[in-house]
Each structure stands twice: as structure tokens, then as C-alpha cells.
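In: Any chance you could fold what I've pasted below:
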Amino acid sequence: MKPWLFYSLATLLLWGLWGVFGRLSARSVGSANLMLLSYTGIALVFPIMLAAYAKDYDLIWSSPNHLYAILSGLFCGMGFLTFYLALMSGEVSRVVVLTATYPVVTVLIAATFLAEPLTVKTALGTALAIAGVILLSV
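Out: Residues are numbered from 1 along each chain as shown. Presented below is the predicted three-dimensional model:
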């Protein structure tokens, strides 16, 4: 199995479990506690990441890409908050599928601001993802 496929399937499984456990906890844990407890789980992964990649970590900021990495984490964290708020008030099957269409936003921003090409396949896939969201919301 190719490494990218293995890691993609592992991500699929892990994020699927993330949605289910998020919904289970959202039934009785308030949003502030849910976020703090969730980040405790994330913090448990940090020592593993640090040990695996410490030799590659560089505190010297030589480009704006370091800021982009921090902004990526910031927006991810804010997304976790709104994801858990959505789970507290909605059905997990709808919330997870809807939020899983975030690549549509990425595709549109990448085409608009990063001048990445919008191919016919990408446009068709994006349109189908939007159609799926519409079907779920009806």
C-alpha cells in the first residue's frame, strides 16, 4: 500500500471517530469544557510529535510561512470550537458530512487568491459536494 493511501485511510478512520466521540461528549459536556478536554487529548499527542520531529523544529522565523503555520493552527482551533457547537445542536450525521466539505472553501480560495487552476474535474467535484450539502439540509 502506498504511504499516502495508508495515511489517508488512517485519517479517515481517526476523523470519523473524532466526530462520533465529539457528538457523544457534546450530549452532556458544555462547549467550554468540551474544547478544554478535547485540547487535552490533542496535548497528549504533542510529546510524540515533539520527540519524532524535534530535530526538524526551527525557531528562527525566516519567512512569512511561519506565521501561516500559526494562522493555520488558529483557524483549525476556531473550527474545532464551531464544530463542537454544531455537534451540540445538530445531528452528527449532518454536521460531520457538512463540515467535511471544507475542501470546497479551500478550492475556491486557492483558485481565487493562489492562482491555482480550477480544472473541470475539480469544478465538477466541488459542484457535487455543494449539491450533497443542499440535499442534507433539506
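
In: Contacts for stretch 54-69, please.
Out: By CB atoms under 8 Å, 6 or more residues apart in numbering, the surrounding residues in contact with stretch 54-69 are Leu50. Any C-beta I mention is one placed from the backbone N, CA and C, and that applies to glycine too.

In: now do 10 Å
Out: Contacts with stretch 54-69, where a contact means CB atoms under 10 Å, 6 or more residues apart in numbering, come from Met49, Leu50, Ile70, Leu71.

In: From one end of that stretch to the other, what's the distance?
Out: Terminal residues of stretch 54-69 lie 16 Å apart, using CA to CA, to the nearest Å.

In: what pLDDT, on average, does it get?
Out: Stretch 54-69 shows a mean pLDDT of 78 in the predicted model.

In: quick one, helices of the protein?
Out: 3-26, 31-53, 65-89, 92-99, 102-113, 120-137 (DSSP state H).

In: Output those in JSON lines, with mean neighbour count appended to each entry.
Out: What follows is the helices of the chain, written out as JSON lines (neighbours: other CB atoms under 10 Å):
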{"stretch": "helix 3-26", "mean neighbour count": "12"}
{"stretch": "helix 31-53", "mean neighbour count": "11"}
{"stretch": "helix 65-89", "mean neighbour count": "13"}
{"stretch": "helix 92-99", "mean neighbour count": "16"}
{"stretch": "helix 102-113", "mean neighbour count": "13"}
{"stretch": "helix 120-137", "mean neighbour count": "12"}
